[in-house]
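# 3D, please:
(2 chains)
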Amino acid sequence: MSDSTSHVADTQESLEAALKGEVLRMYQEVADNPESEFHFFHGREAAEMFGYSPEWLDRAPPGAVASFAGVGNPHERSDVQPGETVLDLGSGAGLDSIIASWQAGPTGAVMGVDLNPSMCLKAQAHAAASGTTMECHEGRMEEIPLPDEAVDVVISNGVINLSFQKRKVIQEIFRILKPGGRISFTDIVSAKQLSQAIVNDPKLWAS
Amino acid sequence: MFRLLEETGFKRVRSAVVSGFRFRNESTRDAAESYGVKAVLFTARKPEAN
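Model prediction:
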């Protein structure tokens, strides 16, 4: 590797590390202080904007609803059936996992993966409080800690856009899906190339 | 993202703009609009085994 290539790789690596730190910090803040204001909508207000049914939001634990930080509603098209195995990629405080577990029922299974181990604990506690169970694994979406062909459905809500390695994330999702499996996820996209200033600023990227 | 899904091997890739999505802060909304930022719901299917 030439000096310039090595320098670019080092810069990319340090940006990714900084982004990871910023993502962890921001979403921990949403979970710990959901009453605070952020530059994005969150909580029940956001969930209602995206068409989550009031019945779901009334039934789910208040902590899971208050810390919701998605950008859409993957359940609109996920069509989870009883008995299916579901992965919620970037499960956060667990609202989407809980909804999926209601749909998958007692013969199905829901797993979460999150960068933040304390969020995994919160999500599992929220699931238990809602009368259901989910396993949550700490891990990165670029290296999903699941075996090949493990799940029927992958849902994700405003998480994949946080990765610098989207191709790797999509390849990982493909790997862990069973043949015939499906995905339903929301992502933030931009019509124009983001400026280098934005790309280089983990706070803005994580926004 | 659409092309990325297809290149990876997914089939029946579909997308739909999330109509309710917007940022809370006006300055962030303005910046997002200038870049054409939006939230999109993607669905796709992994092919069945041969």
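
# so which elements touch the helix or strand that contains A:Gly181?
Per DSSP states H and E, A:Gly181 falls inside strand A:177-189. Counting by 3 or more CB pairs under 8 Å, 6 or more residues apart in numbering or on different chains; DSSP states H and E, the packing neighbours recorded for strand A:177-189 are helix A:75-78, strand A:151-157, strand B:38-45. Using the backbone N, CA and C atoms, a C-beta is placed for each residue, glycine as well.

# now it against strand B:38-45, angle please.
Interaxial angle, strand A:177-189 versus strand B:38-45 (axes from the mean of the first three to the mean of the last three CA atoms, to 10 degrees): 170 degrees.

# for strand A:177-189, buried residues please.
By neighbour count with 16 or more other CB atoms under 10 Å in any protein chain shown, strand A:177-189 contains the buried residues A:177-178, A:181-189.

# dump it to CSV, restricted to CA.
Output of strand A:177-189 as CSV, limited to C-alpha atoms (Å, rounded to 0.1, in the frame of the first residue of the first chain):
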residue,chain,number,x,y,z
LEU,A,177,-31.3,-14.5,5.3
LYS,A,178,-32.7,-17.9,4.4
PRO,A,179,-33.3,-18.5,0.7
GLY,A,180,-36.6,-16.9,-0.1
GLY,A,181,-36.2,-14.5,2.9
ARG,A,182,-37.0,-10.9,2.7
ILE,A,183,-36.1,-7.5,4.0
SER,A,184,-38.1,-4.4,4.9
PHE,A,185,-36.0,-1.4,6.0
THR,A,186,-35.9,2.3,6.0
ASP,A,187,-32.9,4.3,5.0
ILE,A,188,-32.0,7.9,4.6
VAL,A,189,-30.9,8.7,1.1
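
# which residues of chain A lie near chain B?
Contact residues, chain A versus chain B (CB under 8 Å from any CB of the partner chain): A:37-41, A:49-51, A:71-74, A:76-78, A:158, A:160, A:166-167, A:170-171, A:174, A:177-192, A:194, A:207.

# part of a strand, is A:Gly72?
No: counting by DSSP: H, G, I helix; E, B strand; the rest coil, one finds A:Gly72 to be coil, located in no strand.

# so it touches A:Phe50, yeah?
Yes: counting by CB atoms under 8 Å, A:Gly72 does reach A:Phe50; the two are 5.2 Å apart.

# common neighbours of these two, please.
Shared contacts of A:Gly72 and A:Phe50 (CB atoms under 8 Å, 6 or more residues apart in numbering or on different chains): B:18, B:20-21.

# wait, isn't B:Val17 in contact with B:Val37?
No: using CB under 8 Å as the test, B:Val17 is too far from B:Val37 to be in contact (11.2 Å).

# between these two, tell me which one has more neighbours.
It is B:Val37, of B:Val17 and B:Val37, that has more neighbours when counted by other CB atoms under 10 Å in any protein chain shown, with 21 against 12.

# distance of the closest residue to that one other than its chain neighbours relative to B:Ala32?
The shortest distance from B:Val37 to any non-neighbouring residue, by CB to CB, 6 or more residues apart in numbering or on different chains, is to A:Ser190 (4.7 Å). Distance, A:Ser190 to B:Ala32, by CB to CB, to the nearest Å: 8 Å.

# how about the strands in chain A?
A:85-89, A:109-114, A:135-138, A:151-157, A:177-189 (DSSP state E).

# now do the helix or strand bottoming out on mean pLDDT in chain B against strand A:177-189, angle only.
Lowest by mean pLDDT, DSSP states H and E among the helices and strands of chain B is helix B:26-34, with a mean of 76. Angle of helix B:26-34 versus strand A:177-189, following the same axes, to 10 degrees, is 110 degrees.

# A:Gly108: how many residues sit nearby?
Neighbour count of A:Gly108, defined by other CB under 10 Å: 20.

# how about A:Gly158?
Taking other CB under 10 Å as the criterion, the count of residues near A:Gly158 is 23.

# check what pLDDT it gets.
On pLDDT, A:Gly158 comes in at 93.

# and it, what is it in contact with?
A:Gly158 makes contact with A:69-72, A:90, A:186-188, B:39 under the criterion CB under 8 Å, 6+ apart.
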